[in-house]
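Chemist: dropping the sequence and predicted coords here.
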Amino acid sequence: MRVESIRLLIETKAVRNRILQQVYRRIHYGDTVFWLITLVFALVVVGMIGAILFVTLYGSAMAREQFGWGFLTNPRWYHEQDGVPIYGAWPAVYGTLASSTIAVLLAGPIGIGSGVFLAELCPPWLRMPLSVLIELLAAIPSVIFGLWGVLVLAPLFERHIAIPVSRTIGTTVPLLEGPVSKGGVMIAGMVLALMILPTIAAITRDVVAVVPNSQRELLFSLGATRWQVIWLAVLPYAFAGVIGGVMLGLGRALGETMAAVMLIGNRTTVSLSLFASGTTSAALIATQLPNREDALHESALIYLALILFAITFTVNALARLLVWRIAASTR
Amino acid sequence: MVSVVSVMNGEQPAKQPAAAPVGHARGHSLTVRNLVPFYGKRQAVRPVNLDIPPCQITAIIGPSGCGKSTMLRCLNRMHEMVAQARVEGTVWLDHEDIYAAGVDPRLVRRKIGMVFQHPAVLHTRSIYENVAIGPRMSGITRRRELDDLVEHSLHQAALWHEVQDRLKHPARMLSGGQQQRLSIARTLAIAPDVILFDEPCAALDPIATSKIEELLVALRSDYTLVIVTHNLQQAVRISDRTAVFMIDRDAKDYIGSLVEVNDTAEVFSNPQDPRTQDYISGRVG
Amino acid sequence: MISSVKASAPRNYRQTTTINLTMQTLLVVATLLAVAPLLWITGYVLVVGGSALKLSFLTKDYEAPELATEGEVIEGFPGVEHQGFERDERDGPNLDFVARGGVLHGIVGTMIITGLALIIVVPIGLMAGVFLAEYPDTWVTVVVRFACDVLTGAPSIVVGVVAYVLLVRHLGFSALAGSLALTFLMVPTITRTTEEMLKLVPMTIRDAATALGSPLWYATFTVVLPAALPGIVTGVMLAFARGAGETAPLILTAFGNHTLSFDVFGPMHALPLIVYRFTDSPFPSEHTYAWGGAFVLTMIVLGANILVRVVTAYTQVKGR
């Protein structure tokens, strides 16, 4: 009897152990599966970059074979040579670079200045509302900037700035010469500047705010003025981050479509004057791809998209490197 | 001269006349009269009256949170840099009220230098630039003059021999003790009359601490020094006079007050105030 | 009595004081220069766009402009607004056209295109965020984070081109292609906010769950994700706001369509497209569509952003 019961006990124990083991294995198994699922979705994100690269490389194959690197420097978007159509990206690339440069030259100092103001000088009661305002403005869709630029700013700019300037300074400086056309590189750059201003201001405010107070206090204790503290202690400390913010803004300006499409005039010629129409890579793609004429035209536009992606990627990567560096050095 | 400012619980001391104090032949004195720092509406310390004699080391001791550092920062008008902070009462540097209307706090801070608790150097600048920045800000641009000033100040701070061959290196590479002596050199470079030390050794190891202490004793002959410290032994070792701040346990507002000022030897051997006695014997704190 | 403090002023004292004042003033000016135009823009959208708003603007789709009848008010850009006449000043036939339609098709289109994109994006972003937050950092997580950063900075026109090549070339312009393009732009927002929010969930909560014998996946779904839910919702709403405002990819994909359409395989209008198309309409009265569309779009985007702030502030206060 006793032996029986002991055997029974052992058996039930064994059975229970087996079940428990199975349960544990299933739980463990469940975790592995879960890890795999999340991994797959995470890789989908990486796959999206892959898709962008694949599509732009594959789609631009024809144009790349036909035009090679010369595509980048060819100063005419489209011309025919002996009946063969030839495309060139320089007008678009020039417009992209020129309008973005104007944007950064305008938005850089103003954005940095307002970021520093928010972090260093702003009275506390005003800091919160101003910060929220600037962050909300960063969320306004670019097409609305374009709308306002076309219907409000551009007519004012043309009448009160562009035409008078082109008639006075413009007669000696070719960069500002007339005739003033309806849209232009300058006005597009100005609207781009407004679009990237909140980005630059917000990042500057953030990187300046994390400068340790010891840096400020030790200069104050030497009898420094507030500006000396900002100039000699705060800005050098936050330098990499501020530049990173400006470059993120630059990246945004380079890749921005709507402000350019609506304001730059969309003419595929390069002219020196900033008051003349031009185009940008993004604008050219947006206006021509939906009405593509043939496979080569499409391929050239996708080639342009590839170039644009490469440019913005480089700028953004540099910006992030800078921001990372400051994050690492302050840690 | 024994000046004990004893403040009874909750009772405001009788206001002393804020007359210009008598000057001293050598060195510079600080005279604090009815000084009350505020953070917004919150009073940080009960009114303080304190005489800081020239060319001596005055130690300010007391438990955490009793307002020692706040009081110290009032002495060179650094307290008001904190948002919403303000000060009532006066501080005299020799014959001059540094809180008088029309006195620029910047100039006060050049006369009354300050060294902070955490060794603070300008992160982005070299050792040389860290010392030269004060003179540079006051318009000295000639290389020769700057070089001399930097060398002299580093000598004074007993740091020259350790850094003379790497003046161009980033200052943040120095050890904590060296950074603290660099801070002292930076303060000396603007030739102040008084130097305030806010727990200068709190973040340092014993060896670095003893170097700083030696340095303070050496500087005493030329400068008026005020040092806030948690370390009672440190106060005994280096200071000539000691001021004791305490929080009244019975009062519910947790506002610190100055309970005793005397020669250091007196304070530690024969404390007049029972609270001081409790504190230095380790019963409170 | 000699003032030794005042006498101690360095020789460049006045100069530094002046520079200090000048530069501080310049910083204030920079802030004004930054804020003023941005307020100018929002002011225009709110005032001009708001004045375009009538019930019919929200309930009708596009109607071709019609010749004005006599005495009818013709709206449009401020200053253009006037009454119509049978004949103009030179006694020719009046060519005033009145926009009578609304942007319902655009509102519906934006909701469909962005909503569809959200349906694709939320699982991806959520799971990828869990992967980044819950599992130890390896080179895979580094690559995924890097991919997120690259996607954040990718020009929207480029992802439009990708959707164009993948779908439009084969199926023609469609709302679905638009959603696909927006997916690329919305994924990083959701992934990174999910990651950040999960990391804010205290480790002790996970430990408590695993100490009770719960497997990680079960703990994640029943304990960690619910704890981070407000933050994740925040990310989803921000992604929605970002997607709803994008125009460039839609030009190449959804293209636009003047009638109310629910067919995701066909072209569809969206609010930003309406703003874009009618900004340079030859009929000034049709600028109403652009301003009104901009108003509705701003309300949607800013509404989402403000809601996010309120939710975040509320949960933070509650958490404290």
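Modeler: Okay, I see it.
Chemist: all contacts plus neighbour counts: C-alpha atoms, from now on.
Modeler: Noted.
Chemist: in the stretch 1-150 of chain B, what residue lies closest to chain A?
Modeler: In the stretch 1-150 of chain B, the residue that lies nearest chain A is B:Arg106 (4.2 Å; Cα to the nearest Cα).
Chemist: does that residue touch A:Ala224 like I think?
Modeler: Yes - here B:Arg106 reaches A:Ala224: they are 6.4 Å apart, a contact under Cα atoms under 8 Å.
Chemist: which one's more surrounded, the two?
Modeler: The neighbour comparison of B:Arg106 against A:Ala224 (other Cα atoms under 10 Å in any protein chain shown) goes to A:Ala224, with 27 against 22.
Chemist: for my notes, confirm A:Glu80 occurs in a strand.
Modeler: Yes - according to DSSP: H, G, I helix; E, B strand; the rest coil, A:Glu80 belongs to a strand.
Chemist: do you know how far it is from chain C?
Modeler: Using Cα to the nearest Cα, to the nearest Å, we find A:Glu80 at a distance of 25 Å from chain C.
Chemist: list the contacts for that residue?
Modeler: A:Ile86 (Cα atoms under 8 Å, 6 or more residues apart in numbering or on different chains).
Chemist: so what's it bridging to?
Modeler: Taking DSSP bridges, one obtains A:Pro85 as the residues bridged to A:Glu80.
Chemist: all helices of the stretch 201-320 of chain C, in order?
Modeler: Remark: helices assigned in the stretch 201-320 of chain C by DSSP state H, counting those that start in this stretch are C:203-211, C:216-219, C:225-245, C:248-252, C:271-279, C:287-319.
Chemist: hey, which of those helices is tucked in deepest?
Modeler: helix C:248-252 (a mean of 30; mean count of other Cα atoms under 10 Å in any protein chain shown).
Chemist: packing partners for that one?
Modeler: If contacts are counted by 3 or more Cα pairs under 8 Å, 6 or more residues apart in numbering or on different chains; DSSP states H and E, helix C:248-252 sits against helix A:281-288, helix C:156-163, helix C:175-200.
Chemist: state the mean pLDDT of it.
Modeler: For helix C:248-252, the mean pLDDT works out to 91.
Chemist: now do stretch B:59-71
Modeler: Stretch B:59-71 comes out at a mean pLDDT of 86.
Chemist: just the terminal-to-terminal distance for that stretch.
Modeler: 12 Å (Cα to Cα, to the nearest Å).
Chemist: ditto for stretch C:281-294
Modeler: 15 Å.
Chemist: out of the helices and strands packed on helix C:248-252, nearest to chain B?
Modeler: helix C:175-200 (29.5 Å).
Chemist: flag every buried residue along the closest one.
Modeler: Buried residues in helix C:175-200, counted by 16 or more other Cα atoms under 10 Å in any protein chain shown: C:175-199.
Chemist: and it, what does it pack against?
Modeler: Using 3+ Cα pairs under 8 Å, 6+ apart: helix C:175-200 touches helix C:104-134, helix C:139-153, helix C:156-163, helix C:225-245, helix C:248-252.
Chemist: report the rounded mean pLDDT for the helix or strand that A:Ser100 is a member of.
Modeler: Per DSSP states H and E: A:Ser100 is located in helix A:90-116. When pLDDT is averaged along helix A:90-116, the result is 94.
Chemist: do a quick rundown of the strands in the stretch 51-200 of chain A.
Modeler: A:78-81, A:84-87 (DSSP state E, counting those that start in this stretch).
Chemist: out of those strands, which gets the lowest mean score?
Modeler: Mean pLDDT is lowest for strand A:78-81 out of the strands of the stretch 51-200 of chain A, coming in at a mean of 84.
Chemist: quick one: closest of the helices and strands packed on helix C:175-200 to A:Gly88.
Modeler: helix C:156-163 (18.4 Å; Cα to Cα).
Chemist: which residues touch the closest one?
Modeler: A:51-52, A:55-56, A:255-257, A:282, A:285-286, A:302, A:305-306, A:308-309, C:177-178, C:180-182, C:184-185, C:246, C:248-253.
Chemist: what mean pLDDT does that helix have?
Modeler: Here helix C:156-163 scores 93 as its mean pLDDT.
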